[in-house]
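Novice: let's see this in three dimensions:
(one chain, ligands or ions: 2)
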Amino acid sequence: MNPFRFQNPTALYYGSGQIEQHLETEVKKYGDRVLLVYGGGSIKSTGLYDKVLGILGKASITVYELPGIEPNPRLSSVNKGISICRENQVDLILAVGGGSVIDAAKAIAGGVKYEGNVWDFYTRRARAEDALPLGTILTLSATGSEMNGTSVISNLETEEKRSTSALALYPRFSFCDPANTLTVPKNQTVYGIVDMMSHVFEQYFTHTEHVMLQEQMCESLLRTIIAHAKPVLEDPANYHGREALMYCSTMALNGIISMGVEPDWACHAIEHVISAYYDIPHGGGLAIVFPNWMKHVASGKEAKFARLAVQVFDIDAKGKSEQQLAFAGIAAVRSFFDEIGAPRTLGDYGIGEERIEEMAAEAAKGWGAGTIGNFQKLTKSDIESILRMCLTK
Ligand code: NZQ
Ligand code: ZN
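Specialist: Ligands and ions are numbered 1, 2, ... in the order given. From the prediction side, this is the model:
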C-alpha cells in the first residue's frame, strides 16, 4: 500500500425523507441567501424544484436561480453563476441535479473566491484554496461528484474539457434520495452505470501491491452494480435497485477505494478529449474506450484481467490459461455493456477518423508529461491505436 492522507468533509444524507427533515437546518448553517443551480428542467417536471423551493420559502431564504446548466457543463454558465453570487452576496450554492449541475456549482463556488479567471483551476495555473459553501441534491447516479472535490468543465472556445480537484470544492452536504432518480431515462441510466463501473476500473487496475481490501471492495462494487443494472433498466421505478446504484456511484469515487492505491485514469483522460471535441455523453464515451484500452494494455498484465473474469464475472477458470481468462474477462465487460445497450464504437456517435490523431495528441498532453495512465503509461501513439480500435466493432 502507498502512504496516504484521507479527508472527506461531505455530510451525506441518504434515503427518502431526509430532504424534508434536514435541508432547512443544513442551509441555515450557512446563511439566508442561496443560489439554486439546476439543469434543463428535469427537476421541474419531477416536482423536486417545487419541493425545494417550498422548504426554502418556508424558511425565509432568499433564492436566486441559475437554470440551464448543460450536460458537459460550459465555462460560460459558470461565469454567469459567479456574477450572480458576487452581485447578490450569496451565502450558499445549492446544486440540484446530476454531475454536470454539481460540477458547475463547484466551479462557481471556487470562482467566486478567486480573483482571476476560474478556468485557471482547470489549466493548473491555480488551485481553489477557498470556496463558497456548496450543498447538493443528487438526481442521477453516476459521477460521485456529490461526495468528492472534483469538477469537470468544458470550454467551448478552446475545445477543452478539463477537471480540477480541491478540498475546498467538496460539498458541505449532499442529499441522495434514490426516489429522485426514478425518472432518469434509460440512456442516462446506462451512461451512469458505465461511468460508475469505469471509476472502479480506474482504481482497480493498479500496480500497487498489498491492497487486498481495496481490490475486494472494487470487485464488490462491480458485482453490485452488475446485479442491479438490468433490473433497473427493465423497471426504472425499481427503488431498491436505484438505491443500490446510487450508493455504488458515491462509493466508487469518494476516495475510499483508492486509499493507498495508485489509480490509472487514462480512459477518463481520453474520453474527456472525445467529449470536448464532439460533446458526447461521458458514460457513452467510456463504454467505447474502456474495453479497447483493456485489449491494448492486457499483454503482460493478464493476471489482473484474469482475476476480473473470475471474481467479477464468475467465469470458470477450469482448463483455461491465464491469457484465455484475461481475454474472457475483457469480452465479458464488452458483452455486459452490449446487453445494457451502451454504445460500442465512435461511429455510434457519427465520429469518424478525421480528428483521431489530433485527439490523441491532445489527450497525451493532458497530464503535461507526454503520457497518461499509471497501470500502463500511454504515449500519443498508444492513444491513437486505442482510438482507432474504437472505430471498429
Ligand atoms: O438538465 P436536466 O434537465 O436536469 O436533465 C439531465 C441531463 O439532461 C438528466 N437528468 C438528471 N437527473 C434526472 C434527469 N432526467 C430525468 N430525471 C432525473 N432525475 O440527465 C442528463 C444528464 O445529466 P448530467 O448531469 O450531465 O449527467 P452525469 O451525472 O452523468 O454528469 C456527467 C458530467 O459529469 C462529469 C462528466 O464528464 C460530465 O461532464 N464527471 C464528473 C466527475 C466528478 N465531478 O467527479 C467525474 C466523472 O468521471 C465525470 O467526468
Ligand atoms: Zn467518469
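Novice: every contact and neighbour count from this point should use C-alpha atoms.
Specialist: Will do.
Novice: nearest spatial neighbour of the most centrally placed residue in the chain, chain-adjacent residues omitted?
Specialist: The structure's the chain has its C-alpha centroid closest to residue 143; by CA atoms, centre = their mean the separation is 2.5 Å. Distance criterion CA to CA, 6 or more residues apart in numbering; nearest residue to residue 143, sequence neighbours excluded, is residue 99 at 5.7 Å.
Novice: against ligand 1, how distant is the one you found?
Specialist: 3 Å (CA to the nearest ligand atom, to the nearest Å).
Novice: from what I can see that residue touches residue 145, true?
Specialist: Yes - Residue 99 lies in contact with residue 145 (CA atoms under 8 Å); the separation is 5.8 Å.
Novice: looking at those two now, which is surrounded by more residues?
Specialist: Neighbours per residue (other CA atoms under 10 Å) separate residue 99 from residue 145, with residue 145 holding more: 28 against 25.
Novice: distance between the helix or strand that contains residue 243 and the chain's centre?
Specialist: Taking DSSP states H and E as the criterion, residue 243 maps to helix 239-252. Relative to its chain's centre, helix 239-252 lies at 14 Å (CA atoms, centre = their mean, to the nearest Å).
Novice: following element in sequence after that helix, please.
Specialist: In N-to-C order, the element after helix 239-252 by DSSP H and E is helix 266-278.
Novice: need the residues of the stretch 1-150 of the chain near ligand 1, please.
Specialist: Selection of the stretch 1-150 of the chain residues close to ligand 1 by CA under 6 Å from any ligand atom yields 39-43, 71-73, 97-101, 103, 139-140, 142-145, 150.
Novice: hmm, which of those are the buried ones?
Specialist: Buried by 16 or more other CA atoms under 10 Å: 39, 42-43, 71-73, 97-101, 103, 139-140, 142-145, 150, out of those.
Novice: where helices are concerned, which of the residues you listed count?
Specialist: 42-43, 99-101, 103 (DSSP state H).
Novice: quick one, helices of the stretch 151-300 of the chain?
Specialist: Secondary structure of the stretch 151-300 of the chain by DSSP state H, counting those that start in this stretch: the helices cover 186-204, 212-234, 239-252, 266-278, 282-297.
Novice: could you dump those helices to a markdown table with distance to residue 384?
Specialist: Formatted as a markdown table, those follow (distance: least, CA to CA, whole Å):
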| stretch | distance to residue 384 |
| --- | --- |
| helix 186-204 | 19 |
| helix 212-234 | 28 |
| helix 239-252 | 28 |
| helix 266-278 | 10 |
| helix 282-297 | 11 |
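Novice: next one: phi and psi at residue 137?
Specialist: phi -120, psi 110 (degrees, to the nearest 10).
Novice: what's the burial count for it?
Specialist: Counted with other CA under 10 Å, residues neighbouring residue 137 total 25.
Novice: my guess is it meets residue 175, correct?
Specialist: Yes - counting by CA under 8 Å, residue 175 is a contact partner of residue 137 at 4.7 Å.
Novice: ok, the closest residue to residue 248 other than its chain neighbours to residue 146 distance?
Specialist: Nearest non-adjacent residue to residue 248, counting by CA to CA, 6+ apart: residue 221, 6.1 Å away. Computed as CA to CA, to the nearest Å, the residue 221 to residue 146 distance reads 18 Å.
Novice: who's more crowded, those two?
Specialist: Using other CA under 10 Å as the criterion, residue 221 and residue 146 rank with residue 146 on top: 33 against 24.
Novice: how far away is the residue lying closest to the more buried one once chain neighbours are set aside from ligand 1?
Specialist: Nearest residue to residue 146, sequence neighbours excluded (CA to CA, 6+ apart): residue 174, at 5.9 Å. Residue 174 sits 13 Å away from ligand 1 when distances are taken as CA to the nearest ligand atom.
Novice: residue 174 reaches residue 15, doesn't it?
Specialist: No - assessed by CA under 8 Å, residue 174 is found out of contact with residue 15, at 11.1 Å.
Novice: between these two, who's got more neighbours?
Specialist: More neighbours surround residue 174 than the other of residue 174 and residue 15, with 26 against 16 (other CA under 10 Å).
Novice: could you give the bridge partners of that one?
Specialist: For residue 174, the beta-bridge partners under DSSP bridges are residue 12, residue 136.
Novice: what residues does it make contact with?
Specialist: 10-13, 135-138, 146-147 (CA atoms under 8 Å, 6 or more residues apart in numbering).
Novice: top of these by neighbour count?
Specialist: Ranked by neighbour count (other CA under 10 Å), the contacts of residue 174 have residue 146 at the top, with 33 neighbours.
Novice: ok, now which ones touch that residue?
Specialist: The contact partners of residue 146, taken as CA under 8 Å, 6+ apart, are 99, 102, 136-138, 170-171, 174, 250.
Novice: picking that back up, dump the ones in helices among the buried ones among the residues of the stretch 1-150 of the chain next to ligand 1 to TSV, plus pLDDT.
Specialist: Formatted as TSV, these follow (pLDDT from 0 to 100):
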residue	pLDDT
42	97
43	98
99	98
100	98
101	98
103	98
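Novice: distance to residue 22 for the residues you listed - can I get that in JSON lines?
Specialist: Below are those laid out as JSON lines (distance: CA to CA, whole Å):
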{"residue": "42", "distance to residue 22": "23"}
{"residue": "43", "distance to residue 22": "19"}
{"residue": "99", "distance to residue 22": "22"}
{"residue": "100", "distance to residue 22": "24"}
{"residue": "101", "distance to residue 22": "21"}
{"residue": "103", "distance to residue 22": "23"}
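Novice: need the per-residue pLDDT for the residue of the chain most remote from its centre.
Specialist: Taking CA atoms, centre = their mean, the residue of the chain most remote from its mean C-alpha position is residue 319, at 38.2 Å. We have a pLDDT of 97 for residue 319.
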